[in-house]
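1. pasting the sequence and the predicted model now:
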Amino acid sequence: MTVAIVVLNQRSVSLARQVAQGCDGMVYGLDRRTTGVDHSFAEFGPTLRSLFEEKTPIIGICAAGILIRTLAPVLGNKTEDPPVLAIAEDGSTVVPLLGGLQGVNDLARQIAQLLQVSPAITASGEIRFRTTLLAPPRGYRLLNDPDQAKGFIAQVLAGATVRFETHPTPSPTSFAWEGSLPEWLEQSRLPWSESGSESGEYRLIVATEIGPDVRPSDRCLVYEQLPQRGYLAIVGTGPGSFEWMSPQVRRTLLEATDWVGYRTYLNLVEPLRSPSIRRHESDNRVEGDRARQALDLAAMGRRVVLVSSGDPGIFAMAAAVFEVLETRENPDWSLVEIEVCPGISAMQAAAAQVGAPLGHDFAVISLSDILKPWSVVESRLRAAAQGDFAIALYNPVSKQRTWQLDRARELLLEWRSPATPVVLARNLGRVGQGVRVKPLAEVTAGDADMRTVILIGSSQTRQVQSGEGRPWVYTPRTYGG
Ligand code: SAH
């Protein structure tokens, strides 16, 4: 869920932006004192209280006391309060205040890591056990009522040890992992009693089936392990820079258990990865294998994100997933929940750099003849040229494919003026970004590589000089008028 990062003065805006990058946040600023924020508000108190009542997680870059006093009248049920935390104006401390059961301590740790400080965590259970027994992670549900659970936690804080059990009890022939701790408990620091010992009076049960013999009590916590419906998101991270990544994609990445993708794309988002997210990188150019791997992981109940650059549905992994899905090789794939999260495609980023060359009808063609015969590429180029579309060319040149762009230029020149503006945009949003505009007649294969997208103007595309600097390139919205 999107976090509201609330600032009261301009000095805090850059810190707020940094925090927003790390946690899918929107910056809310007091209108009289801030500019360049996502939302401006006029009145602090009512704004904060309505965010709280809508259950929006809140981060105030201000004194903890201000947040406490403002929210006091609306404090309600502890189990439902959203996370609220304060960050000191200079970023030196992160203080979780409310919403312990909604993950405030995890959020505090995440932000503290980003700011390279230690979070001021005060919840005893959190500190001692490194997990919130009252609020297990996704996929588990605590069956005890909160009073029983509190009694249990108090006893364990006072020194009782805990015995772990699964239900149903694994048979001696079952796989070893069936009786072992789930990851969230393994990472915790709960005081487990010796294995095989009968002495642990306090029991923690993870149950896949709830029978009459698993009864929650103040000596026995029972977590139901919910049937995991696997999840696969195919996301587009945009061309490169984090500014061009949608908040939905960022959140999906942060909530995943596994990332799958081509190494270069995973490296682009690596700064967002927490250590608990498993990274499955491949050098493999066979997209089908990567799609299969992602579907298989999701079918095992994991939350998988398949990472594409740009938009995942444009010459990228989303179509590859559906191609593989259609083969029905693994019957479990049909149970996986699939979501496609859009991104800014290279052509949009390129167009924005120079103005609006795609302002009227345009066609998009991949020059790669790996997945379609070159004769098809030629016939589409011809049709787009003849139709006087502006044309975006993806995959113009690679180490193996060096002549296609020159051939495309020759073909286009049969319909289009040699002076047609062509935008050559390389490494958009990444280190080494470069954008050039050249007349069509002068474009050669040497102008592009596999990280270049090319926009070719229509007969109407023109350049306009405004002030100093490079001219803008644009295609008017009206045609032939
Ligand atoms: N899904 C991607 C396209 C993948 S096909 C998207 O929507 O942008 C790969 C081609 O995309 C490259 O050969 C290049 O033509 C273009 N491309 C991808 N990222 C780019 C970037 N950062 N800068 C320029 N071109 C890029």
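-> Thanks, I have it.
2. now do the residue of the chain found nearest the ligand against residue 475, distance only.
-> Minimum separation of the chain from the ligand (CB to the nearest ligand atom) falls at residue 310, amounting to 2.0 Å. Where you see a C-beta, it was placed from the backbone N, CA and C, and this is true even at glycine. Per CB to CB, to the nearest Å, residue 310 is found 21 Å from residue 475.
3. for the protein, what lies in contact range of the ligand?
-> For the chain, the residues in contact with the ligand (CB under 6 Å from any ligand atom) are 239-240, 308-311, 314-316, 345-346, 394-395, 425-430, 450-453.
4. helices - which of those land there?
-> residue 346 (DSSP state H).
5. can you select the buried ones from the residues of the chain next to the ligand in ChimeraX?
-> Restricted to buried positions by 16 or more other CB atoms under 10 Å, the ChimeraX selection for those reads:
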select :239,240,308,309,310,311,314,315,316,345,346,394,395,425,426,428,429,451,452,453
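6. in the protein, where is pLDDT below threshold?
-> Within the chain, the ranges that satisfy pLDDT under 70 run 170-179, 195-200, 284, 481.
7. name the helices or strands packed onto the helix or strand hosting residue 338?
-> Per DSSP states H and E, residue 338 falls inside strand 337-341. Identification of packing neighbours for strand 337-341 by 3 or more CB pairs under 8 Å, 6 or more residues apart in numbering; DSSP states H and E yields strand 231-236, helix 247-254, helix 317-326.
8. at 6 Å what do you get?
-> Where contact means 3 or more CB pairs under 6 Å, 6 or more residues apart in numbering; DSSP states H and E, strand 337-341 is packed against strand 231-236, helix 247-254.
9. can I get the CA coordinates of it in CSV?
-> Only the C-alpha atoms of strand 337-341 are listed here, as CSV (Å, rounded to 0.1, in the frame of the first residue of the first chain):
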residue,chain,number,x,y,z
GLU,A,337,-2.6,-15.7,-10.4
ILE,A,338,-1.0,-13.6,-13.2
GLU,A,339,-0.7,-9.9,-13.4
VAL,A,340,1.0,-7.7,-16.0
CYS,A,341,2.2,-4.3,-14.7
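10. related to what we said a few turns ago, wait, isn't the residue of the chain closest to the ligand in contact with residue 345?
-> Yes. In this structure residue 310 lies within contact range of residue 345 using CB atoms under 6 Å: 4.5 Å.
11. hang on, residue 438 in a strand?
-> Yes. According to DSSP: H, G, I helix; E, B strand; the rest coil, residue 438 belongs to a strand.
12. go ahead and confirm it touches residue 422.
-> Yes. Under the criterion of CB under 6 Å, residue 438 makes contact with residue 422 at 5.3 Å.
13. before we move on, the earlier item: partners of the strand holding residue 338 in the sheet?
-> strand 231-236 (parallel) (DSSP bridges).
14. list the contacts of the strand it pairs with.
-> 249, 252, 294, 298, 303-306, 308, 310-312, 317-318, 321, 336-343 (CB atoms under 6 Å, 6 or more residues apart in numbering).
15. circling back to that earlier point, so who does the residue of the chain closest to the ligand touch?
-> 236, 239, 343, 345-346.
16. and the residue lying closest to residue 361 once chain neighbours are set aside, how many neighbours?
-> Counting by CB to CB, 6 or more residues apart in numbering, residue 361 lies nearest to residue 389, which is 5.4 Å off, once chain neighbours are set aside. When neighbours are defined as other CB atoms under 10 Å, residue 389 has 19 of them.
17. wait, residue 389 sits on residue 364?
-> No. Residue 389 lies out of contact with residue 364 (CB under 6 Å); the separation is 9.3 Å.
18. residue 119 should be in a strand, yeah?
-> No. Checked against three-state DSSP, residue 119 lies outside a strand; its state is coil.
19. just give the number of residues close to it.
-> 22.
20. wait, it sits on residue 109?
-> Yes. Residue 119 is within contact range of residue 109, at 5.3 Å (criterion: CB under 6 Å).
21. now do the buried residues in the helix or strand containing residue 109.
-> Assigned by DSSP H and E, residue 109 falls within helix 104-115. For helix 104-115, the neighbour count (16+ other CB under 10 Å) marks 104-112, 114-115 as buried.
22. do stretch 269-286 as well
-> For stretch 269-286, by 16+ other CB under 10 Å, it's 269, 272, 277, 281.
23. of those residues, which belong to helices?
-> Per DSSP H, the buried residues of stretch 269-286 map to helices at residue 269.
24. what about the helices in this structure?
-> 13-23, 44-53, 64-71, 104-115, 124-129, 146-157, 183-186, 247-254, 263-269, 287-299, 317-326, 346-354, 374-386, 404-413.
25. let me have those helices in CSV, extended by distance to residue 86.
-> CSV is the format used below for these (distance: least, CB to CB, whole Å):
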stretch, distance to residue 86
helix 13-23, 12
helix 44-53, 12
helix 64-71, 4
helix 104-115, 10
helix 124-129, 17
helix 146-157, 25
helix 183-186, 27
helix 247-254, 22
helix 263-269, 29
helix 287-299, 38
helix 317-326, 40
helix 346-354, 37
helix 374-386, 56
helix 404-413, 56
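26. nearest to residue 225, of the ones you listed?
-> Residue 225 lies closest, by CB to CB, to one member of these: helix 183-186, at 11.2 Å.
27. ok, the closest residue in space to residue 384 that isn't next to it in sequence - contacts?
-> Distances taken as CB to CB, 6+ apart put residue 363 closest to residue 384, at 3.9 Å, once the chain neighbours are dropped. Neighbour list for residue 363: 384, 389, 391 [criterion: CB under 6 Å, 6+ apart].
28. closest one to residue 190 out of the residues you listed, please.
-> Nearest member of the contacts of residue 363 to residue 190, counting by CB to CB, is residue 391, at 61.3 Å.
29. how many other residues sit next to that closest one?
-> With other CB under 10 Å as criterion, residue 391 counts 27.
30. go on, residue 446?
-> 10.
31. next one: residue 247
-> 13.
32. check contacts around the closest residue to residue 449 other than its chain neighbours.
-> Of all residues not flanking residue 449 in the chain, residue 397 sits nearest, at 5.5 Å (CB to CB, 6+ apart). Contacts here follow CB under 6 Å, 6+ apart; on that basis residue 397 touches 405, 445, 448-449.
33. can I get those in a markdown table with distance to residue 187 and neighbour count?
-> Shown next, in a markdown table, are the contacts of residue 397 (distance: CB to CB, whole Å; neighbours: other CB atoms under 10 Å):
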| residue | distance to residue 187 | neighbour count |
| --- | --- | --- |
| 405 | 52 | 22 |
| 445 | 52 | 17 |
| 448 | 48 | 21 |
| 449 | 44 | 14 |
